[in-house]
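> Compute the structure for the input listed below.
(one chain, ligands or ions: 1)
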Amino acid sequence: MQYDRSNIFYKIINKEVKSNIVLEGKHFLAFHDITPKAPVHILIIPKGCYVDYNNFVLNATDEEIVNFNKGISEIIKLMKLEEGGFRLISNSGKFGNQEVMHMHVHILGKSSEE
Ligand code: AMP
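Presented below is the predicted three-dimensional model:
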């Protein structure tokens, strides 16, 4: 599928649309999901234009992929999710019910402080 720059996450990366940012890295941005489905619900997205998870892994540079995955670990630590546990979800395409066509991983969990 062709990447479409009119999606909301593209606008969030370019700061045309505001988001509640948790962490920004060289190749990723992480922010709170607008409709949280867990006590902690964060979305992490690559800054590059990739439609979904597989498109990201197949086309991103190793540096982007490593930076993105280390970003996930940084967020787990920052939000204190290690103890309580967490889920990582990346919806893709029709079967995955993907709503926003910019690759993203949902980080859902509960902070050990709550
Ligand atoms: P999905 O594409 O199905 O993995 O889900 C997209 C997610 O993006 C949903 O959980 C939405 O609540 C979330 N979302 C949509 N627009 C925004 C926004 N402007 N800021 C934060 N989260 C958003």
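
> what sits up against the lengthiest helix in the chain?
When every helix of the chain is counted residue by residue (DSSP state H), the longest turns out to be helix 62-78. Residues from elsewhere that reach helix 62-78, judged by Cβ atoms under 8 Å, 6 or more residues apart in numbering: 22-23, 25-28, 30, 42, 44, 46, 48, 56-57, 60, 81-82, 86, 88, 105, 107, 109. Every residue, glycine included, has its C-beta placed from N, CA and C.

> Sitting in strands, which of the residues you listed do you find?
Among these, the members found in strands (DSSP state E) are 22-23, 28, 30, 42, 44, 46, 86, 88, 105, 107, 109.

> So what sits opposite the residue nearest in space to the middle of the chain in the bridge?
Using Cα atoms, centre = their mean, the residue of the chain that lies closest to the mean C-alpha position is Ile44, 1.8 Å off. Partner residues in beta bridges with Ile44, using DSSP bridges, are Ala30, Val105.

> Let me see the contact set for it.
Contacts for Ile44 were tallied using Cβ under 8 Å, 6+ apart; they are 28-30, 68, 71-72, 75, 104-105, 107.

> Among the residues you listed, which one lies nearest to the ligand?
For the ligand, the closest of those turns out to be His104, at 6.1 Å, with distances computed as Cβ to the nearest ligand atom.

> Spit out the contact partners of that closest one.
Going by Cβ under 8 Å, 6+ apart, His104 touches 9, 43-45, 90.

> Next: His41.
Neighbour list for His41: 32-33, 106-108 [criterion: Cβ under 8 Å, 6+ apart].
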